[in-house]
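[1] any chance you could fold what I've pasted below:
(2 chains)
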Amino acid sequence: MARNPKRPAGARSARTSLGDHFTAWRHHHRDSLADALGRMRGTPGSTLLTILVIAIALALPTGLSVLLDNARVITQGWDGRAHLSVFLKMDIKEERQRALAKDWAALDGVADTEVITRQQALDEFREQSGFGDVLEALPDNPLPPLIVVFPSSNEPEALEALQQRLSKLPEVDLAQLDVAWVRRLHAIIELGQRLIGVLTLALAAAVVLVVVNTVRLAIESRREEIVVIKIVGGTDGFVRRPFLYSGFCCGFAGGLGALILVGTALWWLGEPVNQLLDLYGSEYSLTGMSPATALILPLFSGALGLLGAWLAVSRHLGEIEPQF
Amino acid sequence: MIKFDRVSKRYASGKDALRRVSFELPAGQLTFLTGHSGAGKSTLLKLIMMIERPTQGQIFVGRQNLNGFGNRHIPLLRRKIGMVHQNHQLLFDRSVFDNVALPLVIAGFPKADIGKRVRAALDKVGLLSKEKQNPIMLSGGEQQRVGIARAVVNKPPLLLADEPTGNLDPALSAEIMDLFHDFARVGVAVLIATHDLSLIARYRHRLLTLREGNLIHDGVESATPAAGDWYGA
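    Residues are numbered from 1 along each chain as shown, chains lettered A, B, ... in the order given. Coordinates of the predicted model:
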């Protein structure tokens, strides 16, 4: 059955140049990406499931960290109103009180001071408490002169130092500082950050494992193809590349999905949160993710996918060897 | 083209698959390799493909000693070897053309070149008209010819065939053998591992017979005495 009467061309093996190799390598990368995307489209169910799992796993820490960032910015506003109430001895005269307030305002760590005279305190108390009649019955104004000191720093340690310094002054009866709540708040935010850190690690590991599993199944379903590629001289890189691309694509798409989920959740929460803040008299309104986060998240997720695919490939490709 | 120099292979199980086997295959020669199951045929092919490594001895493909090859050289070695399987090893998720093109894609040939070479190979095996079909639509003989086209598409100097006529009737086997003769004629070293005694008897080619890992026969003499020897029937 000599179908082709061509003259024998000799059995030289075909050769390729370096340039050809580079072009082929580039094309192979492009083809691997196209192949990975094509196969993802070919199994829409499992692909979508994988992407969704990744999206949810990453949306959780991302969303929490956005909320925490918001909390930090809001409480910075609250910290600004932290102050020391310095009650002076009853016998301090108003002139002396004003002079003290002026002196203290120049102290290190003090932003400003405000004088509340005994009379002002009495008026305010009468107005706000509704116990005016009781006060009328008292022979003397029982309220001490007060200087409100606004510190320039919000650090709990600095506030305490300032408090101790003022307490020692002879004119001062009591310097009151409620730092406990500031400390608690800082502690809670710190704890929140740590928790989100732990959560991020755990869920990042989950993303890697999900991709490992997906790619492992993909390798299994392409066993025959891998065997053939190895027989005809495909390098490990050639075999590996489509799987690495599909791992990256899954991760990247999952990251985009997480962005969408977090964005949707923030939009959903925005209205009631802003109303709530309004009720507390805050100018603040909920802010979303920074553009940097929006950019980094899919790339980070893609990198996790790549890592998962690489783990799966290096673990399972070696097991597949041609047999005959 | 291939030289085995006192090659032994002992598997981890302790089984001696090959014992001090020596032979040489020159370019342009068609050689049969026979012996019953477990005699070492598969091991011999695996050693040439570097799926396994010898326990002792040296194997040369071309002028290169395989003992000096690291794992990363294996793909390059395999590109010089065309391999034809009994079960064809075709991929049914792509066309005949793409199956045959695979070795060229892997070796990094330019696209235009791939088209030309694949069509030349398909023309050689008489399947040019079926390039767009899925190999699953083809008959067993046609599938085997696609496998051969894939094995020779990058013009390897060495062609290995493992039971290439195993599932084919005599007429189809003869067609396949004609192809192998054509390749040998243009200088390819062809090694055909087979059980098929009628095939061996019909063509008086050099015959290597293995029994329990030993090379017990090497020559062009008729295969029949050896057949009685190891076929037991």
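[2] now do the helices in chain B.
    B:41-49, B:74-78, B:96-107, B:111-124, B:140-152, B:170-185, B:197-202, B:224-231 (DSSP state H).
[3] possible to save these as JSON lines with mean pLDDT, mean neighbour count and distance to A:Ala59?
    Using the backbone N, CA and C atoms, a C-beta is placed for each residue, glycine as well. What follows is the helices of chain B, written out as JSON lines (pLDDT from 0 to 100; neighbours: other CB atoms under 10 Å in any protein chain shown; distance: least, CB to CB, whole Å):
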{"stretch": "helix B:41-49", "mean pLDDT": "91", "mean neighbour count": "22", "distance to A:Ala59": "49"}
{"stretch": "helix B:74-78", "mean pLDDT": "92", "mean neighbour count": "19", "distance to A:Ala59": "42"}
{"stretch": "helix B:96-107", "mean pLDDT": "93", "mean neighbour count": "24", "distance to A:Ala59": "40"}
{"stretch": "helix B:111-124", "mean pLDDT": "92", "mean neighbour count": "18", "distance to A:Ala59": "42"}
{"stretch": "helix B:140-152", "mean pLDDT": "92", "mean neighbour count": "24", "distance to A:Ala59": "47"}
{"stretch": "helix B:170-185", "mean pLDDT": "90", "mean neighbour count": "18", "distance to A:Ala59": "59"}
{"stretch": "helix B:197-202", "mean pLDDT": "84", "mean neighbour count": "16", "distance to A:Ala59": "65"}
{"stretch": "helix B:224-231", "mean pLDDT": "47", "mean neighbour count": "14", "distance to A:Ala59": "68"}
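[4] using TSV, lay out those helices together with distance to A:Leu201.
    Below are the helices of chain B laid out as TSV (distance: least, CB to CB, whole Å):
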stretch	distance to A:Leu201
helix B:41-49	45
helix B:74-78	38
helix B:96-107	40
helix B:111-124	46
helix B:140-152	48
helix B:170-185	59
helix B:197-202	64
helix B:224-231	63
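[5] so which of these is nearest A:Gly109?
    helix B:74-78 (71.4 Å; CB to CB).
[6] hmm, who's touching that closest one?
    A:230-236, A:238, B:49-50, B:61, B:64, B:66, B:69, B:106 (CB atoms under 8 Å, 6 or more residues apart in numbering or on different chains).
[7] narrow the residues you listed to those in strands?
    B:Val61, B:Gln64 (DSSP state E).
[8] do you know how far A:Val66 is from chain B?
    Distance, A:Val66 to chain B, by CB to the nearest CB, to the nearest Å: 44 Å.
[9] run a quick neighbour tally on that residue.
    By other CB atoms under 10 Å in any protein chain shown, the residues close to A:Val66 number 21.
[10] I'd say it and A:Leu261 touch.
    No: judged on CB atoms under 8 Å, A:Val66 makes no contact with A:Leu261 at a distance of 11.5 Å.
[11] hey, C-alpha coordinates of the lowest-mean-pLDDT helix or strand in chain A in CSV?
    Ranked by mean pLDDT, DSSP states H and E, the weakest helix or strand in chain A is helix A:132-137, scoring a mean of 74. In CSV, the C-alpha atoms belonging to helix A:132-137 read as follows (Å, rounded to 0.1, in the frame of the first residue of the first chain):
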residue,chain,number,x,y,z
GLY,A,132,-32.8,72.8,90.7
ASP,A,133,-35.1,72.9,93.7
VAL,A,134,-32.8,70.7,95.7
LEU,A,135,-29.9,73.0,95.0
GLU,A,136,-32.0,76.0,96.1
ALA,A,137,-32.4,74.3,99.5
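[12] contacting residues around that helix?
    So helix A:132-137 is contacted by A:Leu122, A:Phe125, A:Arg126, A:Asn141, A:Pro142 (CB under 8 Å, 6+ apart).
[13] how close does A:Leu185 sit to A:Ala82?
    10 Å (CB to CB, to the nearest Å).
[14] nearest residue to residue 24 other than its sequence neighbours?
    Since you didn't name a chain, this refers to chain A. Nearest residue to A:Ala24 in three dimensions, chain neighbours excluded: B:Gly108, at 2.9 Å (CB to CB, 6 or more residues apart in numbering or on different chains).
[15] ah, I was thinking of chain B
    Counting by CB to CB, 6+ apart, the residue nearest B:Glu24 is B:Lys3, at 4.7 Å.
[16] burial check on that neighbour, number of neighbours?
    Quick note: B:Lys3 (other CB under 10 Å) scores 17 neighbours.
[17] mind checking how far the most centrally placed residue in chain B is from A:Phe324?
    Chain B has B:Leu160 as the residue nearest its centroid, 1.4 Å off, counting by CA atoms, centre = their mean. To A:Phe324, B:Leu160 is 10 Å away according to CB to CB.
[18] which neighbours do those two share?
    B:Leu45.
[19] flag every buried residue along stretch B:153-171.
    For stretch B:153-171, a neighbour-count test (16 or more other CB atoms under 10 Å in any protein chain shown) marks B:153-165, B:168 as buried.
[20] ok, is that stretch in contact with chain A or not?
    Yes: applying CB under 8 Å from any CB of the partner chain, one finds stretch B:153-171 in contact with chain A at B:Asn154, B:Lys155, B:Pro156, B:Pro157, B:Asp162.
[21] farthest-apart pair in these, please.
    Between any two of the residues of stretch B:153-171 next to chain A (CB to CB), the greatest distance is 20.3 Å, for B:Lys155 and B:Asp162.
[22] for the residue in the stretch 201-324 of chain A positioned nearest to chain B, grab phi and psi.
    Nearest residue of the stretch 201-324 of chain A to chain B, counting by CB to the nearest CB: A:Gly233, 3.5 Å away. Note on A:Gly233: its backbone torsions stand at phi 90, psi 20 [degrees, to the nearest 10].
[23] how about the contacts made by it?
    B:Pro75, B:Leu76, B:Leu77, B:Arg78, B:Arg79, B:Pro103, B:Ile106, B:Ala107.
[24] and B:Val186, what's its pLDDT?
    The model reports B:Val186 with a pLDDT of 92.
[25] of the contacts of helix B:74-78 - the most surrounded one?
    A:Val232 (26 neighbours).
[26] ok, that one to B:Leu76 distance?
    For A:Val232, the distance to B:Leu76 - CB to CB - is 12 Å.
[27] please enumerate the strands of the stretch 101-250 of chain A.
    For the stretch 101-250 of chain A, strands defined by DSSP state E, counting those that start in this stretch occupy the ranges A:110-116, A:146-151, A:172-176.
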